[in-house]
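Student: Requesting a structural model of the entry that follows:
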Amino acid sequence: MGINDEPFNFPTGKYPEATIKVARDIIKGGKREEILSLMALQGNETSIMFRFKFDLFCRIFFGRYFTSPSADFHDLMTEHMRQSYYGEIRYVNLGFRGCAKTSMTKLFLTFVILNDTEKKRKYIKVMTRSMGNARQLVTDVYNNCVTLKDLYGDIFVKEGDKKREETMGAFTTVDQRKILAGTIGVTQRGHVQDAYRPDWILFDDVEDAASIQSLANTDATILAIAEALDGLSADGCWMCNGNYISEEGVIQWFMNKPSVTVDLIPIAKKDGTPTWPERYDKDKIAQLKADAEDFYGEYMCDPSRTDTAFFDRIMVDNDIAAAKQPHRESAGVKYWGDYVPHHRYGAGADTSEGIGKDANTMALYDFGIGPTDVGVLTATYFNNRIPPDLFGHELARVGAEFGNCIVAPENNNTGHATISAMRGYPNVYTHRTTGVRTQKVTEKFGWSTTRKTKPEMLFTFRKDYNDGLIKIYDINVLKEMRSYTTADLAGTKQTMVTRHFDLLMAAVIGWQMRKYAVMSQEYEELPEEEPIFSDIGI
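Tutor: Down below sits the predicted model:
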């Protein structure tokens, strides 16, 4: 039966000595019925007894998996897999690359298939981004079960102990439990295999460094996963293994779901102490850091420190720590300063339909007196329910409070309604066309965000922010800046991932107005007049 002669290498104090002694006597006795009874899950085990049986099962029959002593976090993984299997939690395991989460998952599936006498789960679905990976995982579980045929008997329908390592996509046990490989790369609607609903879905390998660069692929993947979750049985549950390499991808979508248990397991603690020192000591971790392309995402579970961030997150974090509450708020507008007549002001606006998704936002700056003064974000507005035409009236009202300053609504589809509502406002930004030597003011109102202007204005905004020319106290703008990545710059707005940058875009558009903002005409200096009596020397 392939029993390991040294299965009881548990850390001291991990399990009661009396329990270990009983198990040791049963294993040494070698009686099939007693061993099966020892491993059997009746559904009423305590969590510690479940983990003991799982530990014992793995070490007796699959000692080859344990080339190093287990880490403390492996018990946490086992417990959370147990809770997910029994429908108590929805679980996301974001252990570092190499923490053995996939191996633990294979052993867990083997264990419950062979030992769950209650058959809690009858249709288990394994879903990955690549069908090949899903099939390999199912094949490995199948072959694990085959190796224990002498103890558990032939548990498969019409398959015997035949191994199909390259083609295995599903198997069914004699007690009608089904394990199936699936892919999240295509829509789940209308799948032939969904004749009845799966009751436990295991997601693994749902995104990587390549897939995260495509917002279209990310949205399509999330749509497929959402359909799979919608197809769960009434008592169904799920878990997901992954690497936390991005704050705007599929993994983040899982983490944003309500009531989800998440394990963030880095390879080392913040003070540098290894979390699995028996396998990854400090020297090994240093080597991985030198070789890895994304050490902080794949090994430290901290995508905020990866190279995909568009803004300097250290600077943004410092500003978040120094953020202030607005000194007043009126009709949804937050103010961090009052109107100073001899200062220049300008505002940008990002428009939307106002139906609860994207928001109508405004960001107004105090540019000071001269072109080199630090610009202070003085007022912001965020509302995802106000219609775009009423938003235009709000922009005109706030603009009037700041000396009829220049206001630039984005002239996208919804922006046309906003701009139309601002008729009569004396200082709406008018589109400029720039030639080799000239700049021409057109009759087109509003700011155009295009493939050309978007990167230009964002890079300009980033440079000026890094140079200390922009001061922001609004923590919501700063949080959007912290989350913004190079992938967001390259793509369009995401539809499935609930991450929006409406305030940031208003702030970026508003910053463009520093080139066009002027003091209120009421306070412009008049040219010096000639003395009336100059001819008589007075």
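
Student: When you work out contacts or count neighbours from here on, use the C-alpha atoms and nothing else.
Tutor: Noted.

Student: mind listing the strands for the stretch 301-450 of the chain?
Tutor: Taking DSSP state E, counting those that start in this stretch as the test, the strands found in the stretch 301-450 of the chain are 328-330, 333-335, 344-350, 360-368, 375-383, 406-409, 430-434, 439-445.

Student: Could you dump those strands into a markdown table and include distance to Ala100?
Tutor: Rendered in a markdown table, the data for these read as follows (distance: least, CA to CA, whole Å):
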| stretch | distance to Ala100 |
| --- | --- |
| strand 328-330 | 52 |
| strand 333-335 | 49 |
| strand 344-350 | 46 |
| strand 360-368 | 45 |
| strand 375-383 | 44 |
| strand 406-409 | 52 |
| strand 430-434 | 57 |
| strand 439-445 | 58 |
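
Student: most packed of the ones you listed?
Tutor: Of all these, strand 344-350 has the most neighbours on average by mean count of other CA atoms under 10 Å, namely a mean of 31.

Student: hey, least reliable of the strands of the stretch 301-450 of the chain by pLDDT?
Tutor: Here the lowest mean pLDDT among the strands of the stretch 301-450 of the chain goes to strand 439-445, at a mean of 67.

Student: following that one, which helix or strand comes up?
Tutor: helix 453-466 (DSSP states H and E).

Student: Find the helix or strand that the residue nearest the centre of the chain is a member of.
Tutor: For the chain, the residue nearest the mean C-alpha position is Gln252 (2.1 Å; CA atoms, centre = their mean). Assigned by DSSP H and E, Gln252 falls within helix 250-256.

Student: what's in contact with that helix?
Tutor: 92, 206-207, 218, 221-222, 242-244, 246, 260, 262, 497-498 (CA atoms under 8 Å, 6 or more residues apart in numbering).

Student: Could you save those residues as JSON lines and add columns showing neighbour count?
Tutor: Shown next, in JSON lines, are the contacts of helix 250-256 (neighbours: other CA atoms under 10 Å):
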{"residue": "Val92", "neighbour count": "26"}
{"residue": "Val206", "neighbour count": "25"}
{"residue": "Glu207", "neighbour count": "23"}
{"residue": "Thr218", "neighbour count": "24"}
{"residue": "Thr221", "neighbour count": "24"}
{"residue": "Ile222", "neighbour count": "23"}
{"residue": "Gly242", "neighbour count": "22"}
{"residue": "Asn243", "neighbour count": "27"}
{"residue": "Tyr244", "neighbour count": "29"}
{"residue": "Ser246", "neighbour count": "26"}
{"residue": "Val260", "neighbour count": "14"}
{"residue": "Val262", "neighbour count": "17"}
{"residue": "Val497", "neighbour count": "19"}
{"residue": "Thr498", "neighbour count": "13"}
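
Student: For Met505, state which of those is nearest.
Tutor: Closest approach to Met505 among these (CA to CA): Thr498, at 16.3 Å.

Student: do you know how far Ile20 is from Asp75?
Tutor: 17 Å (CA to CA, to the nearest Å).

Student: whoops, Asp338 was the one
Tutor: 57 Å.

Student: Sitting in strands, which of the contacts of helix 250-256 do you find?
Tutor: Taking DSSP state E, the ones among those that sit in strands are 92, 260, 262.

Student: Please convert those to a markdown table, extending it with pLDDT and distance to Met300.
Tutor: A markdown table is the format used below for the ones in strands among the contacts of helix 250-256 (pLDDT from 0 to 100; distance: CA to CA, whole Å):
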| residue | pLDDT | distance to Met300 |
| --- | --- | --- |
| Val92 | 98 | 16 |
| Val260 | 97 | 20 |
| Val262 | 97 | 15 |
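
Student: Name the member of these with the shortest distance to Tyr142.
Tutor: Val92 (24.0 Å).

Student: my read: the closest one touches Tyr244, true?
Tutor: No: counting by CA atoms under 8 Å, Val92 does not reach Tyr244; the two are 10.4 Å apart.

Student: Low-confidence regions, the stretch 201-350 of the chain specifically.
Tutor: 213, 215, 306-308 (pLDDT under 70).

Student: how about the helices in the stretch 1-150 of the chain?
Tutor: 17-29, 32-39, 47-61, 72-85, 101-115, 131-147, 149-152 (DSSP state H, counting those that start in this stretch).

Student: right, and these - which one's nearest Phe461?
Tutor: Here helix 101-115 is closest among the helices of the stretch 1-150 of the chain (CA to CA), at 41.7 Å.

Student: And that closest one, what's buried?
Tutor: Under the neighbour-count criterion of 16 or more other CA atoms under 10 Å, helix 101-115 has 101-102, 104-115 buried.
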